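> fold the following for me, if possible:
(one chain, ligands or ions: 1)
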Amino acid sequence: MIHEGKSIRYVRCMDDFLIYPKTNVWLDVGGVQSRTDPKIYVVQTATEAIKRCLLMTTDPGDLILDPICGSGTTAYVAEQWGRRWITIDTSRVALALARARLMGARYPSYILADSPEGQRKEAEITRTAPSSQPTYGNIRHGFVYERVPHITLKSIANNTEIDVIWDKWQVTLEPLREQLNATLGQPWQEWEIPREAGTKWPDEAKALHTDWWQGRISRQKEIDASIAAKAEFEYLYDRPYEDKKKARVAGPFTVESLSPHRVLGVDENDELIDPLKINEKDAGYAPGRGFEQMILDNLKAAGVQQANKADKIVFTSLTPWPGELVCAEARYPEGDTEKRAGIFIGPEFGTVQRTDLVEAVRECGDAGFDVLIACAFNYEAHATEFSKLGRIPVLKARMNADLHMADDLKATGKGNLFVIFGEPDIELLDEPDGRLRVRVRGVDVFDPSTGQVRSDSADGIACWFIDTDYNGESFFVRHAYFLGQNDPYGALKTTLKAEIDADAWATLHSDTSRPFDKPKSGRIAVKVINHLGDEVMKVFKIT
Ligand SMILES: C[S@@+](CC[C@H](N)C(=O)[O-])C[C@H]1O[C@@H](n2cnc3c(N)ncnc32)[C@H](O)[C@@H]1O
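Numbering: from 1, shown residues only. Below you'll find the model as predicted:
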């Protein structure tokens with residue numbers, strides 16, 4: 001309040017109100033397409049816009065679906081605010097960006113309401129005793145949020161604590177006022193004492209005046225705090241309290257793509273539908289230029305790569321071959337001699353079975369080929385173990401999903417389109433206490449200059465996982481290890497802006513696993529992934 005002449009006026013300051021209601025005009029989100037977030041996608045949505053929608057419509061623990069993922073802003077915001085998420089995109093570029101964004105993100109750690117520290121925080125805010133209920137860390141109870149009081153005259157009138165505070169301060173303030181009045185010869189009531197001391201006042205009066213105002217302001221602060229604590233309040237759901245000592249990263253998530261499983265169907269005449277024929281027709285390849293021909297064009301230009309560049313197989317010729325399963329003959333140099341390879345191409349949508357490879361390699365034998373090169377998007381588990389029949393090695397190249405783009409892909413020979421990732425060389429180690437350990441010694445590599453298979457060191461392995469109790473169907477990562485030369489995960493430390501526990505890290509950065517119990521299922525599976533992202537899995541029976 002201020003006096004102006006004889007009238008009292010009210011001055012409203014910008015910081016008088018902690019919050020403003022949001023209306024449906026959002027001019028403060030930096031545009032729906034972000035102009036403020038770091039730009040990673042051409043049509044990226046602003047995090048602030050998604051955050052606002054998400055906080056208005058969901059609670060922690062809810063599941064959010066965004067079927068047009070883009071750079072994954074929805075999933076990113078959902079992670080931050082403790083919501084679960086599923087997101088979908090037709091573009092692998094978008095999914096790759098989203099995956100990298102989520103994996104590299106660092107989030108604040110909010111205090112859970114359902115936790116001992118949450119109970120303490122809540123007690124501190126409401127000036128009550130902490131709850132003694134057991135806590136379970138359940139996110140559905142939400143976080144502890146900042147809140148603003150709704151102060152009404154009624155809440156002030158009914159607050160008896162104000163009288164207690166008033167009485168407490170009267171004991172200090174009244175004697176000061178009386179002494180000040182006596183020193184200055186004034187009849188001032190409390191509300192008449194000026195804010196500033198007069199310059200000509202004696203020092204004693206100035207000191208009394210300062211003490212009185214200090215007490216007066218402290219009394220007001222206590223009363224305001226009491227009013228705020230006892231008033232009704234509004235939660236600020238966008239302002240949970242943070243535990244500044246903790247950093248949070250994204251919870252575990254998977255990235256799934258087209259199902260690799262072959263789907264068998266029958267048509268109206270009970271005839272088996274051949275997915276290859278249908279797909280060629282529907283995929284719209286140019287007449288006379290089916291999926292196989294497109295793959296062969298690319299294979300001729302790109303050759304077959306292995307983890308080590310020097311082991312690349314470069315073809316001198318590649319011509320069609322009228323086999324049942326072998327569809328081309330490729331020639332490549334091995335030292336001074338020329339070798340002939342039979343080429344088998346797997347289905348456009350589907351998985352290559354071991355029996356397909358056995359048939360194909362037999363054809364190669366009959367036709368006098370030196371080696372079978374199979375090219376496929378996926379191999380079923382038993383096919384991955386099949387590497388030789390008689391004198392003929394079977395090289396299994398994995399085709400890059402870019403080849404699904406069919407006719408749109410120019411056969412430039414660039415990109416890792418056909419990559420052989422050999423059998424991992426794995427050793428099982430028995431522990432004295434009956435448990436097991438696994439060691440990866442490296443990966444078998446076909447040396448095109450000698451025609452021999454040699455074992456390469458573990459350097460070509462980016463990471464490897466063990467399912468210590470494999471159920472024969474889905475691989476569950478129970479142990480994970482990260483290899484590679486030159487501290488490849490140094491960047492992780494930088495991203496997390498944290499020091500990593502060296503001892504804990506050493507157990508992860510290892511070619512030998514920690515010991516584990518023998519599997520109840522009688523099987524373990526080991527999955528090995530190279531730096532190009534190709535993976536192989538090997539299953540072991542444990543008795
Ligand atoms: C406007 S962007 C989404 C932007 C996203 N919110 C972000 O922050 O990055 C639309 C996305 O939808 C994807 N898309 C288009 N048609 C689709 C479809 N039929 N199914 C799934 N995703 C599709 C596009 O690939 C594109 O990434």
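
> going forward, measure contacts between C-alpha atoms and count neighbours the same way
Fine.

> pull the CA coordinates from the longest strand along the chain and hand them back as CSV.
What stands out as the longest strand in the chain, according to DSSP state E, is strand 436-447. Taking only C-alpha atoms (Å, rounded to 0.1, in the frame of the first residue of the first chain), the coordinates of strand 436-447 have been written out as CSV:
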residue,chain,number,x,y,z
LEU,A,436,30.2,-71.2,-15.1
ARG,A,437,31.9,-68.4,-16.9
VAL,A,438,32.0,-67.6,-20.6
ARG,A,439,35.0,-66.2,-22.5
VAL,A,440,34.9,-64.8,-26.0
ARG,A,441,38.2,-65.4,-27.7
GLY,A,442,37.3,-63.7,-30.9
VAL,A,443,35.4,-64.2,-34.1
ASP,A,444,36.2,-66.6,-37.0
VAL,A,445,37.0,-64.8,-40.2
PHE,A,446,37.1,-66.2,-43.7
ASP,A,447,40.4,-65.1,-45.3
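
> that strand: what's the following helix or strand?
Sequence order places strand 452-456 as the next helix or strand after strand 436-447, per DSSP states H and E.

> now do that following strand: everything it contacts.
Applying Cα atoms under 8 Å, 6 or more residues apart in numbering, the external contacts of strand 452-456 come out as 425, 442-447.

> now pLDDT and distance to residue 250 too, for these, in CSV please.
Shown next, in CSV, are these (pLDDT from 0 to 100; distance: Cα to Cα, whole Å):
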residue, pLDDT, distance to residue 250
425, 84, 33
442, 83, 31
443, 79, 31
444, 75, 35
445, 73, 36
446, 74, 39
447, 74, 41
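
> out of these, who's near the ligand?
Among the contacts of strand 452-456, not one lies near the ligand by Cα under 6 Å from any ligand atom.

> pLDDT on the one helix or strand residue 210 maps to, on average?
Element membership of residue 210, judged by DSSP H and E, is helix 203-230. Taken as a whole, helix 203-230 has an average pLDDT of 93.

> what's that helix packed up against?
strand 145-150, helix 153-157, helix 161-184 (3 or more Cα pairs under 8 Å, 6 or more residues apart in numbering; DSSP states H and E).

> wait, which of the ones you listed is closest to the ligand?
strand 145-150 (26.7 Å; Cα to the nearest ligand atom).

> for the stretch 151-300 of the chain, which spans come out with low pLDDT?
Low-confidence segments of the stretch 151-300 of the chain, defined by pLDDT under 70: 257-289.

> what do you get if the cut-off is 50, keeping everything else the same?
259-264, 274-276, 278-283 (pLDDT under 50).

> and for residue 254, the neighbour number?
Neighbour count for residue 254, taken as other Cα atoms under 10 Å: 7.

> where does it land in three-state SS?
coil (DSSP: H, G, I helix; E, B strand; the rest coil).

> and the angle for the helix holding residue 210 with strand 145-150?
Using axes from the mean of the first three to the mean of the last three Cα atoms, to 10 degrees, the direction of helix 203-230 lies 110 degrees away from that of strand 145-150.

> just to revisit the earlier point, contacting residues around the longest strand of the chain?
306, 311, 395, 421-431, 452-461, 511-518.

> any quick ChimeraX command for the buried ones out of those residues?
Here is the ChimeraX command that selects the buried residues among the contacts of strand 436-447 (16 or more other Cα atoms under 10 Å):
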select :306,311,395,421,422,423,424,425,426,455,456,458,459,460,461,511,512,513,514,518
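
> so which of the contacts of strand 436-447 are in strands?
With strands taken from DSSP E, the overlap with the contacts of strand 436-447 comprises 306, 395, 424-430, 452-456, 461.

> what separates residue 80 from the ligand, distance-wise?
From residue 80 across to the ligand, the span is 15 Å (Cα to the nearest ligand atom, to the nearest Å).

> grab the nearest non-local neighbour of that residue.
In space, residue 80 comes closest to residue 107 once its chain neighbours are excluded; the distance is 5.8 Å by Cα to Cα, 6 or more residues apart in numbering.

> in the sheet, who's paired with the one you found?
residue 248 (DSSP bridges).

> can you count the residues close to it?
The number of residues packed near residue 107 is 17, by other Cα under 10 Å.

> contacts only, for it.
Residues near residue 107 by Cα under 8 Å, 6+ apart: 80, 247-250.

> just the strands in the stretch 201-350 of the chain please.
Ranges of strands within the stretch 201-350 of the chain are 232-240, 242-248, 305-306, 317-320, 326-334, 337-345, based on DSSP state E, counting those that start in this stretch.

> other SSEs contacting the third one?
Spelled out, it's strand 305-306. Packing partners of strand 305-306 (3+ Cα pairs under 8 Å, 6+ apart): strand 418-420.

> other SSEs contacting the strand it packs on?
strand 305-306, strand 392-399.

> contacting residues around it?
Residues outside strand 418-420 that contact it (Cα under 8 Å, 6+ apart): 299, 302-307, 375, 395-400, 534.

> what is the nearest of those residues to the ligand?
The ligand has its nearest neighbour among those in residue 400, at 19.4 Å by Cα to the nearest ligand atom.

> thought the closest one was touching residue 375?
No. Here residue 400 does not reach residue 375: they are 9.9 Å apart, not a contact under Cα atoms under 8 Å.

> these two: who's more crowded?
Neighbour count, other Cα under 10 Å: between residue 400 and residue 375, residue 375 has more, with 27 against 16.

> helix, strand, or coil at the more buried one?
The three-state label given to residue 375 by three-state DSSP is strand.

> for residue 190, state which of the contacts of strand 418-420 is nearest.
Nearest to residue 190 among these: residue 534, at 81.1 Å, using Cα to Cα.

> pLDDT score for the closest one?
Listed pLDDT for residue 534 reads 68.

> that concludes my questions; thank you for your assistance.
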